[in-house]
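Undergrad: pasting the structure only:
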């Protein structure tokens, strides 16, 4: 019997496929990528026609050794990694690494792909092998080289020119610009007052309805046309005295069509809106559903491959869905012909199916026992969306009634609108949500006809104010990136995670808020690298990568075109003097930093000397605001663009600090400030004003006066020690929240504990500290160091730990910092798995060895790993299917 070695990415996938294939096959997991570009200069060499230096790390070397050992005794090798551009690249890396070790010795190598992990899908793939698609590999190489060149050329410029900046990235920086541009829109927004006139009317039968003022004296009135109270009151008075007659009634039929099955991006958006899942968590759960669960002694994948921007389904899947609808719903819910969909996204490239259940007859209720709660909720969402996509459209009737109000020679036009669902169709099962859309659903209007008189019940004049555009959520940012053709669906989760990890954006009430650091970096890039953060340029580059994957253009040609201009921009930026950089930043950010006070004064006037102008300065510790008369005037203040919760400018004191309000007890100003050691609160001024650090999870942008006063009230007395009578205090110090008795300090775990901790808890913490139970970094309470949260689906424990730079979770060799603002004491296994998944995506798919968590691989092993040049010549090409990811 022939012995064949099959390589897949994950151990869970390997276990399932091994059961399907049975004897004669040995299935091994590569744990993602086995090689990567070393994070140092020279890994991509433009002078050598973009030769790339690949390196096996310790884990990759171990996996390649295991695969090589198996291949030595095998008759052939089958590469069965994921069916996308990244999967193709992993197979190519494995093949190149095995060639370097000379273990193949002429043995046949085949590439197979399957869109679902089911016995039938795997069997079909094994019966239809092909060669590695070099066009897809080339697209991966181009993307990887581009990302490396941008990161390793642009980031050092940022470090030298902008102290405190972390990094820049080809897609990351453009996504950050979108968030910052929206913030600028909010800051520029000028609120406008307007009024609406609503008449409560009734038919002759007493049926009530509402109509709005739509015109006056032959002129149309739009939403913002009534701008003052006086105008509104004049219209109200006229309507109070008017006679109302129905002028016309128009009823129009309308339809709402079902949505296509999920793509990667639409799944991430809806999982965020409906289920509250961050993109990284949604993708991790989808990966688990794709790899499958054990049902009746056999592991079966529940959904098709989850990285795709295709919206079509296989004919047999469409037929199964239609059979299910015919069996479970009335006949009118099944359309006469199957529905076909085409993608509207820019640069859509996948030949894969949409995300759908592998078997629509596996209803969510029947699967619930085999899934975690979050897995079940995501499976139910995918199942419903798939089923609804083949159901009949909903039928509506939209009615418009125009009413004439006559009063004292004036003719006022009112309009009533209503909508009623005549047949719910797919809405019986599924309705998409849009958090930023206005509710357009109307109510049923009573029966009326032209000439009917209607009576007045009440007239209301309501004041309104226009609102700025909303900040992006993760879902709406993904939607905007897809509309612009920026990045790829499979990279969105990692891009957003990187922005958070770099502290370029924060999440406040599910909205993305740019941090000051992110605003500075974006301003610098727009000033000196404008082309490379343009949406059109980034989308065009994505289109070039797609052309490479279709074998339409050589990948090195695309890199040459990019590198010529990019290198010149880098060299130009390096030569920029500090004054030029500051001028660019001041021009870009000045209106937001120095906001008009509305009193006619110069917002940039120095409050200390009066004659100097304030501007942005750069110091060793980062940006700050200083006076142009330095050194004669040494006025400075911290750089901060903190605004209100809605993004509008708030009050500031004479030093430009955010003014939260006045302390009711003393009448002194309470201000939020940025200091050398971080943000803090201050009460009043003087030589030694009272100050307080912010608690964990608080930010200057979202801080309220009530929270600030609570912080200033610290330390508070929890009570008296029952034995000694000494007061037990709770406060926040240099190392975080604590409780204190005499000279004994014990740290608290949760930031809000400082406001709520009681006597029993405080005494227990202090006693533990005095007994020598305090751990490293001052830990004494809550989860102990090394708390095991549970087992990872791919094997090994997931552990919560405290480190010098904060809490983090560990799985094997993966260490992932808990995001800023998250409460580690509330962290669940599901949340930890999402953080780990985001970290793995952000680092290029590096995963640990399977089994129990082990110490990181020794450095010596990494040093011995061979570095290899990418082969210039590729295997024979085949027609390349479109691929989504690179």
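TA: Ah, there it is. It should be emphasised that the depicted structure is a prediction, and the values quoted were computed from it without experimental measurement. Residues are numbered from 1 along each chain as shown.
Undergrad: gap between whatever helix or strand residue 540 lives in and the chain center?
TA: Assigned by DSSP states H and E, residue 540 belongs to helix 535-549. Counting by Cα atoms, centre = their mean, to the nearest Å, helix 535-549 is centred 22 Å from the centre of its parent chain.
Undergrad: Model confidence for the spatially closest residue to residue 263 that is not a sequence neighbour, exactly?
TA: Of all residues not flanking residue 263 in the chain, residue 309 sits nearest, at 4.7 Å (Cβ to Cβ, 6 or more residues apart in numbering). Where you see a C-beta, it was placed from the backbone N, CA and C, and this is true even at glycine. pLDDT for residue 309: 85.
Undergrad: Tell me the spacing between residue 309 and residue 709.
TA: For residue 309, the distance to residue 709 equals 50 Å [Cβ to Cβ, to the nearest Å].
Undergrad: the more surrounded of the two?
TA: Taking other Cβ atoms under 10 Å, residue 309 and residue 709 do not tie; residue 309 has more neighbours (24 against 18).
Undergrad: Next, the more buried one: secondary structure please.
TA: Here residue 309 is recorded as coil under DSSP: H, G, I helix; E, B strand; the rest coil.
Undergrad: quick check: mean pLDDT across stretch 378-392?
TA: 97.
Undergrad: List the buried residues of it.
TA: Using 16 or more other Cβ atoms under 10 Å as the test for burial, stretch 378-392 gives 378-383, 385-392.
Undergrad: tell me the mean pLDDT over the helix or strand hosting residue 269?
TA: Element membership for residue 269, per DSSP H and E: helix 264-270. Mean pLDDT, computed over helix 264-270, is 93.
Undergrad: other SSEs contacting that helix?
TA: Applying 3 or more Cβ pairs under 8 Å, 6 or more residues apart in numbering; DSSP states H and E, one finds that helix 264-270 makes contact with helix 279-291, helix 373-388, helix 474-484, helix 489-501.
Undergrad: Tell me the pLDDT of the spatially closest residue to residue 401 that is not a sequence neighbour.
TA: Nearest residue to residue 401 in three dimensions, chain neighbours excluded: residue 416, at 4.4 Å (Cβ to Cβ, 6+ apart). For residue 416, the model assigns a pLDDT of 95.
Undergrad: show me what contacts residue 416?
TA: 201, 209, 210, 211, 212, 400, 401, 403, 445 (Cβ atoms under 8 Å, 6 or more residues apart in numbering).
Undergrad: what's around residue 484, how many residues?
TA: 19.
Undergrad: which residue packs closest to it, ignoring adjacent ones?
TA: residue 535 is the one closest to residue 484 (Cβ to Cβ, 6+ apart), at 4.8 Å.
Undergrad: Run through the stretch 351-500 of the chain and note the low-pLDDT ranges.
TA: Across the stretch 351-500 of the chain, the ranges flagged by pLDDT under 70 are 351, 433-442.
Undergrad: ok, 90 please
TA: For the stretch 351-500 of the chain, applying pLDDT under 90 flags the ranges 351-353, 407-410, 419-420, 430-444, 475, 479, 482-483, 485-494, 497-498, 500.
Undergrad: rewinding a little: count residues in the vicinity of the residue nearest to residue 484, would you?
TA: Neighbours of residue 535 (other Cβ under 10 Å): 17.
Undergrad: does it really touch residue 487, like I thought?
TA: No - in this structure, residue 535 is not within contact of residue 487 by Cβ atoms under 8 Å, at 11.0 Å.
Undergrad: quick one on the thing from earlier: now the angle from the helix holding residue 540 to helix 474-484?
TA: Angle, helix 535-549 to helix 474-484, by axes from the mean of the first three to the mean of the last three Cα atoms, to 10 degrees: 70 degrees.
Undergrad: immediately after helix 535-549, which helix or strand?
TA: Next along from helix 535-549, by DSSP H and E: helix 555-574.
Undergrad: Now do the helices in the stretch 101-250 of the chain.
TA: 119-126, 134-161, 172-188, 229-240 (DSSP state H, counting those that start in this stretch).
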